[in-house]
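Novice: Okay, predicted coordinates and the sequence, questions at the end:
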2 protein chains.
Amino acid sequence: METIHPHTAALIRKLESLAPLAPEEKAALLGLPLRLKTVAADQDIVCEGDRPSECCLIVEGFACRYNLTGEGKRQILSFHIGGDIPDLQSLHLRVMDHSLGTLVPSKLAFIQHDALRSFMRSHPRLGDLFWRDTLIDAAVFRQWIVGLGRREARGRIAHLLCELLVRLRAAELVEDHVFGLPVTQAELGDALGISTVHVNRVLQELRGENLISWRGETLQVLDWEGLKQAGEFDPTYLHLVKREAL
Amino acid sequence: METIHPHTAALIRKLESLAPLAPEEKAALLGLPLRLKTVAADQDIVCEGDRPSECCLIVEGFACRYNLTGEGKRQILSFHIGGDIPDLQSLHLRVMDHSLGTLVPSKLAFIQHDALRSFMRSHPRLGDLFWRDTLIDAAVFRQWIVGLGRREARGRIAHLLCELLVRLRAAELVEDHVFGLPVTQAELGDALGISTVHVNRVLQELRGENLISWRGETLQVLDWEGLKQAGEFDPTYLHLVKREAL
DNA sequence: CGATACGTTGACGGAAATCAACCCCGGTGG
DNA sequence: CCACCGGGGTTGATTTCCGTCAACGTATCG
């Protein structure tokens, strides 16, 4: 098993969207020991109740964190893309209080907690940056709460699409307001606390207003200003350094 | 202005609920330079858009974080009690993406970011513990999302009451399943995405089933098992070390 | 003693859940 | 080759949880 990989490229890009990186910091990141793995769609990476000893970096793909309730309903807590480390919190919280799974076939890279800890000791500035990343994670949760508590279906969907566009653009996965959204309407509903049927109706509404078009797995934002307005979207909470074209 | 205070007692108790502390660590915490302040009820401590240079430790009182939407609706994001540092995230996120305000007259203690940063450099284990605290914060957000997305009013209220009971017990503010809850029904509604009217009805339901009694600012949990069941409450997500009597 | 904040109650309406079809499409296998 | 199947999307009918409106009770306070 190799221990040095170029697969940290996505991670470096992600971290650079949060703060500028010095060349030696990027070099250090390239030295992180990774265990690579390719997984199919709809596979659990970590499960609620697990006590993982490593974190999962998404190199390529699409994943989500979720919780299951008593009646078998699923609540999706967040979506994750290349460069994200969705279970970074496991470094300091022994037990997983939710699960993490893929939505499409994905390339993952696992980093041992020990390796991460000693890495952050030798690079405290990057340690702080990882902390910052988990704090932004929490900020996204807060916005999600606002949506679930105070916005109706239309606003929730619009807001989520705005958020994904901005995050995917930071990951350089958006071309001309078009991006791949490999998510079913049922999954959208599980994320936004809306039934599949209603998700469908609202999407048709948004399409009818020419705010978006969504064919297959390709989503195009036709009216960025209109969509932002529909979702009351303000990207401040994502705390990105590059704020152009928001 | 004094620089050494015994007002860190609440903080120490809080941190001890997350991980055991060594005597020298407690001593170090007592040396944190604090700026004390007493504020009335319903006062903002920090506002959305601010760029604070200090964090706020709640010594005594009750506070909440909240967001206002376009139509002036308020979404409360979390409740905070003695020992909490609700805006710890401002250490690494320059701009506040939400506001923080008191619910009752409270004693606050402000700690300069610089002081906190240098403190954590000299006490890395405590630095990690602060990080852990913000991660638990995020875990609480996740549970709120599950509640807002997947539980109906009854379950949301029950879950919130369970959470408050457990957290207040960790802060040694619960005696015999009785605690002070200085929150109006309107505020409960703003926290749970429910209208005041409906909060009222559900509370009557819970009282009618003899799960709780709530007179004035005193809440008594009459049927702990029943309330936990009503809210599908599992305290794992709070990641407390003392897990007795949950 | 009004004023104000909070709690309570009833009537009505609406956003969205649920139930139940049905369509379309790609895969698979007899 | 085509029948069958399953997942995802679409649509309509019906139900329900909860919001809104509006009124009234109650307690605290200057």
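Specialist: Thanks, I have the structure now. Nothing here was measured: the structure is a model prediction, and the numbers come from that model. Numbers count the residues shown, from 1 in each chain, chains lettered A, B, ... in the order given.
Novice: avg pLDDT for stretch A:162-180?
Specialist: Mean pLDDT, stretch A:162-180: 96.
Novice: May I have the secondary structure class of the residue lying closest to A:Asp97 once chain neighbours are set aside?
Specialist: Among residues not flanking A:Asp97 along the chain, B:Tyr237 sits closest, at 4.0 Å (CB to CB, 6 or more residues apart in numbering or on different chains). In short, each C-beta sits where N, CA and C put it, glycine included. For B:Tyr237, the secondary-structure state derived from DSSP: H, G, I helix; E, B strand; the rest coil is helix.
Novice: How many residues are close by B:Tyr237?
Specialist: 23 (other CB atoms under 10 Å in any protein chain shown).
Novice: roughly how far apart are it and DNA strand C?
Specialist: 24 Å (CB to the nearest atom of the strand, to the nearest Å).
Novice: A:Arg167 now?
Specialist: Here A:Arg167 is placed at a distance of 24 Å from DNA strand C (CB to the nearest atom of the strand).
Novice: circling back to that earlier point, shouldn't the residue nearest to A:Asp97 be in contact with B:Phe141?
Specialist: No. B:Tyr237 lies out of contact with B:Phe141 (CB atoms under 8 Å); the separation is 9.9 Å.
Novice: Kindly report the residues of chain A close to DNA strand D.
Specialist: With CB under 7 Å from any atom of the strand as the criterion, chain A comes near DNA strand D at residues A:Thr184, A:Gln185, A:Ala186, A:Thr196, A:Val197, A:Asn200, A:Arg201, A:Leu203, A:Gln204.
Novice: The first one: neighbouring residues, count only.
Specialist: Okay, so that is A:Thr184. Around A:Thr184 there are 13 residues (other CB under 10 Å).
Novice: Could I get the pLDDT score of it?
Specialist: Reported pLDDT for A:Thr184: 97.
Novice: same thing with A:Ala245?
Specialist: 58.
Novice: center of chain A - which residue?
Specialist: A:His80 (2.3 Å; CA atoms, centre = their mean).
Novice: quick one on the thing from earlier: inside helices: which ones of the residues of chain A next to DNA strand D?
Specialist: If you go by DSSP state H, the residues of chain A next to DNA strand D have A:Gln185, A:Ala186, A:Thr196, A:Val197, A:Asn200, A:Arg201, A:Leu203, A:Gln204 in helices.
Novice: now the helices: where do they sit in chain A?
Specialist: Under DSSP H, chain A gives helices at A:9-18, A:23-30, A:113-122, A:124-150, A:153-170, A:185-192, A:196-208, A:224-230.
Novice: What residues of the first one count as buried?
Specialist: When neighbours are counted by 16 or more other CB atoms under 10 Å in any protein chain shown, the buried residues of helix A:9-18 are found to be A:Ala10, A:Leu11, A:Ile12, A:Arg13, A:Lys14, A:Leu15, A:Glu16, A:Ser17, A:Leu18.
Novice: will you turn the residues you listed into JSON lines that also has pLDDT?
Specialist: As requested, the buried residues of helix A:9-18 are exported to JSON lines (pLDDT from 0 to 100):
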{"residue": "A:Ala10", "pLDDT": "95"}
{"residue": "A:Leu11", "pLDDT": "97"}
{"residue": "A:Ile12", "pLDDT": "96"}
{"residue": "A:Arg13", "pLDDT": "95"}
{"residue": "A:Lys14", "pLDDT": "96"}
{"residue": "A:Leu15", "pLDDT": "97"}
{"residue": "A:Glu16", "pLDDT": "96"}
{"residue": "A:Ser17", "pLDDT": "96"}
{"residue": "A:Leu18", "pLDDT": "96"}
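Novice: for these, which one is nearest DNA strand C?
Specialist: A:Ala10 (27.5 Å; CB to the nearest atom of the strand).
Novice: my guess is that closest one contacts A:Gly61, does it?
Specialist: No. Assessed by CB under 8 Å, A:Ala10 is found out of contact with A:Gly61, at 10.1 Å.
Novice: what residues do those two have in common as contacts?
Specialist: A:Gly82 (CB atoms under 8 Å, 6 or more residues apart in numbering or on different chains).
Novice: any idea how far stretch A:165-180 is from the chain center?
Specialist: Remark: stretch A:165-180 is offset 12 Å from the chain centroid, using CA atoms, centre = their mean, to the nearest Å.
Novice: Any residue of that stretch touching chain B?
Specialist: No. Using CB under 8 Å from any CB of the partner chain, stretch A:165-180 never reaches chain B; the gap is at least 14.0 Å.
Novice: Please point out which parts of that stretch sit buried.
Specialist: Taking 16+ other CB under 10 Å as the criterion, stretch A:165-180 shows A:Leu165, A:Val166, A:Arg167, A:Leu168, A:Arg169, A:Ala170, A:Ala171, A:Leu173, A:Val174, A:His177, A:Phe179 as buried.
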